[in-house]
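Participant: With the sequence up front, the predicted model follows.
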Amino acid sequence: MSKASLSDPIKFLRVGIVGVNPERSWAKDSHVPALQKLPDLKLTAVATRSEKSARAAAEAFGIGSWYDNAFALVHSDDVDIVSVCVKVPEHRDIVLAAIAAGKHVLCEWPLGRNVEEATELATAAERSGVHTAIGLQGRASPAARRAHQMVADGVIGSPLSARIVSTTVGFAPQLPSAYAYFNDPASGANLSSILGGHTLDLASYVLGKINEIDALTSIQFKSIHLTDTDERIERLTADHLLMLSRHDNDCIVSIEVGGNRPPDTKFTFEIIGTAGRMLLTGGHPNGFQAGELRLEADRDFVEPDAPVVAGLTQEAANVAEVYAQLSRDIRASTWNVPDFKHAAHLTRLIDAVSFAASTGKRQQAHDWQW
């Protein structure tokens, strides 16, 4: 990172986004509006695959710098933080280049295609000393943070059991061919790794470390119709996941993660304790992590903190919280935001889930712990 940026009287950190289609993309809906509202961060550069779309993105978002090559953005003197919002198989090379260039990095979840890639990226970041953040924005929700604190403070007593239902409209039997890579087991982008990872991360954040896990996966929709090519392919990755987890506090959790569910299906995370009950709910069609969470309980509790930025869409609100945490860490030389090391541990846990599902053998805690 350019040291001059932190002593600049404007006092903002400059962010470049790799992978931001100006017409339709997750980065457009979440990262861009978050950065436009955060006072100590500024979107200064974008990169896409083509000159046409990069120019269009720069014009749409009022940015002076655009690139049709991710690595050119990575080496730009106008960027302090690189946000990686491309497909999972493309994460590794861009992230490594950004780390080598001394840039801080925010990368969308999953970090890598597998445990080996995630560990490689976490190790590279740790050796370089740059700050990193992983896009597990569900836990950054003010409601999730308050739930975490309530459990820690014993507001509902000792947690006994919990049940999570986590769904998405994604992984349906119809999709454009551009998203067919979700069906490639080697891509690292599937229901278990994406929504399963977000869900397990929230469960472990609120209830504490997982020390035992079992899983069952299934394919409920056996084929996929590629809508733009009219091709039909066999589904190869699970579109439904059931898990049982035991946490260090002996709380037992049942978790259902389902694809191709109606868009109004509610996310629920209910916790029963020895002295009360609490409930987190949400309802974004693409998964709870992409929207607002709400908290209720049958005991008095302090309401969740106000969002770091008011008036954002639900897609952008939690992402803004992650950026704010990362910015505070960079400025204060602290390490509080979930980083690539955290992502590598979660990837190992997802690997254990896959192993349990494929072998029928319950897995005990080992190096997935953090």
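Facilitator: That came in fine, so what should we check first?

Participant: Could you use CA atoms for every contact and neighbour count after this?
Facilitator: Fine.

Participant: Next, the contact list for A352, please.
Facilitator: By C-alpha atoms under 8 Å, 6 or more residues apart in numbering, the contact list for A352 reads I213, Q363.

Participant: before we move on, what about L175?
Facilitator: Contacts of L175 (C-alpha under 8 Å, 6+ apart): I224, H225, L226, T227.

Participant: Surely the first one touches T237?
Facilitator: Read it as I224. No: using C-alpha atoms under 8 Å, I224 makes no contact with T237, being 11.1 Å away.

Participant: and the two? which has more neighbours close in?
Facilitator: For the pair I224 and T237, the greater number of neighbours falls to I224 (22 against 19), based on other C-alpha atoms under 10 Å.

Participant: Phi, psi for the closest residue to the more buried one other than its chain neighbours please.
Facilitator: Taking C-alpha to C-alpha, 6 or more residues apart in numbering, and ignoring the residues beside it in sequence, I224 has P173 as its nearest neighbour in space, at 4.4 Å. For P173, the backbone dihedrals are phi -80, psi 0 (criterion: degrees, to the nearest 10).

Participant: Distance-wise, check P173 relative to F182.
Facilitator: Distance check for P173 against F182: by C-alpha to C-alpha, to the nearest Å, it reads 12 Å.

Participant: again with T199
Facilitator: Summarising the geometry, the distance separating T199 from F182, computed by C-alpha to C-alpha, is 18 Å.

Participant: quick one, which of those two is more surrounded?
Facilitator: When T199 is set against F182 and neighbours are counted by other C-alpha under 10 Å, the residue ahead is T199, at 27 against 22.

Participant: wait, H75 sits on A98?
Facilitator: Yes: using C-alpha under 8 Å, H75 is in contact with A98, at 7.5 Å.

Participant: Which one's more surrounded, these two?
Facilitator: Regarding H75 and A98, a neighbour count based on other C-alpha under 10 Å identifies A98 as having more, with 26 against 18.

Participant: secondary structure element for the more buried one?
Facilitator: Assessed by DSSP states H and E, A98 sits inside helix 91-100.

Participant: Now do that helix: which elements does it pack against?
Facilitator: Counting contacts by 3 or more C-alpha pairs under 8 Å, 6 or more residues apart in numbering; DSSP states H and E, the secondary-structure elements packed against helix 91-100 are helix 70-74, strand 81-84, strand 104-108, helix 115-128.

Participant: R92 contacts N114, doesn't it?
Facilitator: No: the pair R92 and N114 fails to qualify as a contact (C-alpha under 8 Å) at a distance of 10.6 Å.

Participant: Extract the residue ranges of this structure that are flagged as low pLDDT.
Facilitator: Applying pLDDT under 70 to the chain flags the ranges 1-10, 367-370.

Participant: Tell me the spacing between the residue nearest to the spatial centre of the chain and A57.
Facilitator: Nearest residue to the geometric centre of the chain (C-alpha atoms, centre = their mean): L136, 2.9 Å. When distance is defined by C-alpha to C-alpha, L136 is 25 Å away from A57.

Participant: before we move on, what about S223?
Facilitator: When S223 is compared with A57 (using C-alpha to C-alpha), they lie 35 Å apart.

Participant: These two: who's more crowded?
Facilitator: Each of S223 and A57 had its neighbours counted (other C-alpha under 10 Å), and the higher figure belongs to A57 (24 against 15).

Participant: is it fair to say the more buried one lies in a helix?
Facilitator: Yes: inclusion of A57 in a helix is indicated when DSSP: H, G, I helix; E, B strand; the rest coil is applied.

Participant: buried ones in stretch 148-161?
Facilitator: Across stretch 148-161, burial judged by 16 or more other C-alpha atoms under 10 Å covers H148, Q149, M150, V151, A152, V155, I156, G157, S158, P159, L160, S161.

Participant: tell me the SS of the last one?
Facilitator: Using three-state DSSP, the structure places S161 in strand.

Participant: wait, it sits on C251?
Facilitator: Yes: with contact taken as C-alpha under 8 Å, S161 and C251 are classed as touching, separated by 5.1 Å.

Participant: now the helices: where do they sit in the stretch 251-370 of the chain?
Facilitator: Assignment of helices within the stretch 251-370 of the chain using DSSP state H, counting those that start in this stretch yields the ranges 314-332, 340-359.

Participant: Let me know which of those is the nearest to K42.
Facilitator: Between K42 and the helices of the stretch 251-370 of the chain, the tightest spacing by C-alpha to C-alpha is seen for helix 314-332, at 10.9 Å.

Participant: roughly how far out does the closest one sit from the chain middle?
Facilitator: Here the centre of mass of C-alpha atoms in helix 314-332, compared against the chain's by C-alpha atoms, centre = their mean, to the nearest Å, lies 13 Å away.

Participant: ok, residues contacting that helix?
Facilitator: 6, 13, 29-31, 33-35, 38, 40-41, 131-133, 135, 137-138, 140-141, 289-292, 307-309, 334-337.

Participant: Of the residues you listed, which count as buried by neighbour count?
Facilitator: For the contacts of helix 314-332, a burial check counting by 16+ other C-alpha under 10 Å picks out 13, 29-31, 33-35, 38, 40-41, 131-133, 135, 137-138, 140-141, 289-292, 307-309, 337.

Participant: Having no further points to raise, I will conclude here.
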